[in-house]
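> Sequence unavailable; structure follows:
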């Protein structure tokens with residue numbers, strides 16, 4: 001079993017920045033793809049960014065050029081640096097993990113077996 005704990009959310013003005021962290025424990029972190037998803041009230045959970053076990057990264061079109069995902073295997077932690085934040089980025093942000101041999105799209109939430117509890121990001125206009 002892998003445990004994931006997000007932190008770093010908060011309230012920020014439009015144009016500001018936040019850095020989310022996802023601390024993992026319980027399994028060998030370097031063997032897992034990591035993903036960030038978000039869910040706004042009344043909307044479905046959506047993919048934001050992902051980084052594979054081999055450090056290949058990918059983004060949704062809505063955050064490309066503004067968000068940066070990274071990982072530090074020595075610290076068992078994944079990060080999401082969010083710049084130029086917009087009010088539409090307001091959501092509960094979740095960290096997720098899937099094993100390196102999992103099949104299926106890395107941008108689909110159903111491909112991930114482990115989830116954190118979420119951290120709230122609120123962007124004011």
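Received the coordinates, thanks. Keep in mind the model is a prediction, meaning the values are calculated, not measured. Numbering: from 1, shown residues only.
> Which positions within stretch 12-20 qualify as buried?
Buried residues in stretch 12-20, counted by 16 or more other CB atoms under 10 Å: 12, 18, 20. Where you see a C-beta, it was placed from the backbone N, CA and C, and this is true even at glycine.
> Oh, that last question was meant for stretch 51-64, not what I typed.
51-53, 59-60, 63.
> swap in stretch 21-28?
21-24.
> With stretch 103-118 instead?
Here stretch 103-118 shows 106-107, 109, 111-112, 114-116, 118 as buried, counting by 16+ other CB under 10 Å.
> Make sure I have this right: residue 110 is in a strand.
No. Residue 110 is assigned helix when assessed by DSSP: H, G, I helix; E, B strand; the rest coil, not a strand.
> sorry, back to before: want to try TSV for the buried residues of stretch 21-28, with secondary structure as columns?
Compiled in TSV, the buried residues of stretch 21-28 are given as follows (three-state DSSP):
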residue	secondary structure
21	strand
22	strand
23	strand
24	strand
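> Can you show me the strands along this structure?
3-7, 10-13, 18-25, 32-39, 46-51, 57-59, 67-72, 77-82, 91-99, 114-115, 119-124 (DSSP state E).
> what's the offset of the longest one from the middle of its chain?
I take that to be strand 91-99. Centroid displacement of strand 91-99 relative to its chain, using CA atoms, centre = their mean, to the nearest Å, is 5 Å.
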